[in-house]
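>>> The following comprises the amino acid sequence and a computationally predicted model.
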Amino acid sequence: MTMRSLGLILLPLLVSPTLGSCTTDDPSESSDAALDDDTSTSGEEQDSTGGQHPTGGEHDSTGTDPTETSPEDATALLERLGGLWVAPVTSWTSAGSFPTMNMDMRPADERVLFSRVDLDARNALRFAFSVETHDAESVLVFRNGGLFQGLERDTRTRLVEHDPDTDTWRFCAMTGGCMYVEATFAFDGADAFTLQVRVLGMDHMRWSATRREERDLSMLDDAHEPNASDAPFPAMPSARVRLTWSEALTEDTEAWVILSTTDCGFAPGSCTPSRFMRTTAPAGATQAELVLEQLHAGAYKVNTVLDHNGNLHTTLFPDAGDSVSLPNQSLQVAPTGETAATFTIAIDL
């Protein structure tokens, strides 16, 4: 998760990595257009909900007409997606590839399956899946939004095809159809899938994820009425984490908070982070604060790190030269509102 891969961490379906740039509503203007490029705002989040449902032909980058999908197709995919999924991201864009993306897909409420990954306070990516009403029709929507240099972004794609023979589900952009953005989830058994994205008919990114942990999906209730076409993300709790240490930093240093649902051991790979976030603590600092928004409520194990040697982004695990807090401290995130906690970094590795 280097600055070179900043654009990709925001959206696997990729925005141009030029910092601070705005995007366009016209899918014909750039092959680096992202799935979230239908909107770009610095205030309230907007939605891309218009456009025609693609029916094949020039809108269909695969050359096959989308088929009708059923409520059972939507339910089946939601049941398959629950879990903590991890994989590197391969990109054919200017942002390049990066070593890991962890998406903890759990219910945010009775209607929405949600996950989020953060780079820092101004850059994040969100996935959401829910049934919504579009053009008087109930459809499963794959919603992709986040922050890019503090700008809110949001795009919806709709399920246009489920092929049980290949175990794939295909989503296409509400505006511009499959030829603008096409996102296909192809499963390989119960615990692996590949998300393949094409933009303007060209390969864009691939995320071949494996499920590291199961998640309880009992909160989801398909008896609910569909969400509106412009429904906001569900309200979710947050955590304000304060890190302290005794000796003032001699140089700018990245401070990390890493949340997992299981204990982390003393070797890389001993646990799988559910959420993580970093901030830069300036020289002279003895504390830092991070706010993790849109968290799933519940119990977490917390590990915090001062990354003195600057390599934590490659492993999400501290090594010699770093400073850490006592391992696997507990954090109980309340169901609503903001949970505050302070952790002391006092161990030098």
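Yes, it's here.
>>> Just grab the bridge partners of the nearest residue to Arg158 once chain neighbours are set aside for me.
Leaving aside its sequence neighbours, Arg158 sits nearest to Val139 (Cβ to Cβ, 6 or more residues apart in numbering; 4.6 Å). Where C-beta positions appear, they are placed from N, C-alpha and C, glycine not excepted. Beta bridges link Val139 to Glu132, judged by DSSP bridges.
>>> residue contacts, Val139?
Residues near Val139 by Cβ atoms under 8 Å, 6 or more residues apart in numbering: 69, 74, 131-133, 158-159.
>>> So among those, which ones count as buried?
Buried members of the contacts of Val139, counted by 16 or more other Cβ atoms under 10 Å: 69, 74, 131-132, 158-159.
>>> on that earlier part again, out of the contacts of Val139, which two sit at the greatest distance?
Thr69 and Thr133 (14.7 Å; Cβ to Cβ).
>>> quick revisit: closest to Ala223 out of the buried ones among the contacts of Val139?
Nearest member of the buried ones among the contacts of Val139 to Ala223, counting by Cβ to Cβ, is Val131, at 11.1 Å.
>>> doesn't Cys178 fall inside a helix?
Yes - assessed with DSSP: H, G, I helix; E, B strand; the rest coil, Cys178 lies in a helix.
>>> Check whether Phe276 really touches Asp118, as I assumed.
Yes - at 7.0 Å, Phe276 counts as touching Asp118 under the criterion of Cβ atoms under 8 Å.
>>> Run a quick neighbour tally on Thr342.
12 (other Cβ atoms under 10 Å).
>>> And it, which helix or strand is it part of?
strand 338-348 (DSSP states H and E).
>>> Point out the other helices and strands that that strand packs with.
Other helices and strands packing on strand 338-348, by 3 or more Cβ pairs under 8 Å, 6 or more residues apart in numbering; DSSP states H and E, are strand 238-244, strand 298-307, strand 323-325, strand 329-333.
>>> quick one, the longest one and strand 238-244 angle?
Note on geometry: by axes from the mean of the first three to the mean of the last three Cα atoms, to 10 degrees, strand 298-307 and strand 238-244 are set 40 degrees apart in direction.
>>> so where is the stretch 51-200 of the chain shaky, pLDDT-wise?
51-68, 93-96 (pLDDT under 70).
>>> And the strands in it?
For the stretch 51-200 of the chain, strands defined by DSSP state E, counting those that start in this stretch occupy the ranges 83-91, 98-107, 113-120, 123-134, 137-148, 151-163, 168-173, 181-187, 192-199.
>>> Of those, flag the one that's most buried.
strand 168-173 (a mean of 25; mean count of other Cβ atoms under 10 Å).
>>> how far out from the middle of the chain is that one?
17 Å (Cα atoms, centre = their mean, to the nearest Å).
>>> switch to numbering from 33
Done: numbering now begins at 33, and the last item shifts to strand 200-205.
>>> helices or strands up against it?
Against strand 200-205 (3+ Cβ pairs under 8 Å, 6+ apart) you get strand 183-195, helix 209-212, strand 213-219.
>>> go again using 10 Å as the cut-off
Using 3 or more Cβ pairs under 10 Å, 6 or more residues apart in numbering; DSSP states H and E as the contact test, the elements touching strand 200-205 are helix 103-113, strand 169-180, strand 183-195, helix 209-212, strand 213-219, strand 224-231.
>>> May I have the strands that pair with the last one, each with its orientation?
In this case it means strand 224-231. strand 213-219 (antiparallel), strand 234-245 (antiparallel).
>>> Dump the ones you listed into TSV; add distance to Leu110 as well.
What follows is the strands paired with strand 224-231, written out as TSV (distance: least, Cβ to Cβ, whole Å):
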stretch	distance to Leu110
strand 213-219	11
strand 234-245	14
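>>> CA atoms only: put stretch 229-241 into CSV for me.
Presented in CSV, the C-alpha positions along stretch 229-241 are these (Å, rounded to 0.1, in the frame of the first residue of the first chain):
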residue,chain,number,x,y,z
VAL,A,229,-13.0,-6.1,-13.7
ARG,A,230,-13.0,-4.7,-17.2
VAL,A,231,-13.4,-1.0,-18.0
LEU,A,232,-14.3,0.2,-21.5
GLY,A,233,-13.8,-3.4,-22.7
MET,A,234,-10.2,-3.7,-21.4
ASP,A,235,-8.7,-5.7,-18.5
HIS,A,236,-8.5,-3.5,-15.4
MET,A,237,-7.9,-5.5,-12.3
ARG,A,238,-8.0,-8.9,-10.7
TRP,A,239,-8.5,-9.9,-7.1
SER,A,240,-8.3,-13.7,-6.5
ALA,A,241,-9.5,-13.8,-2.9
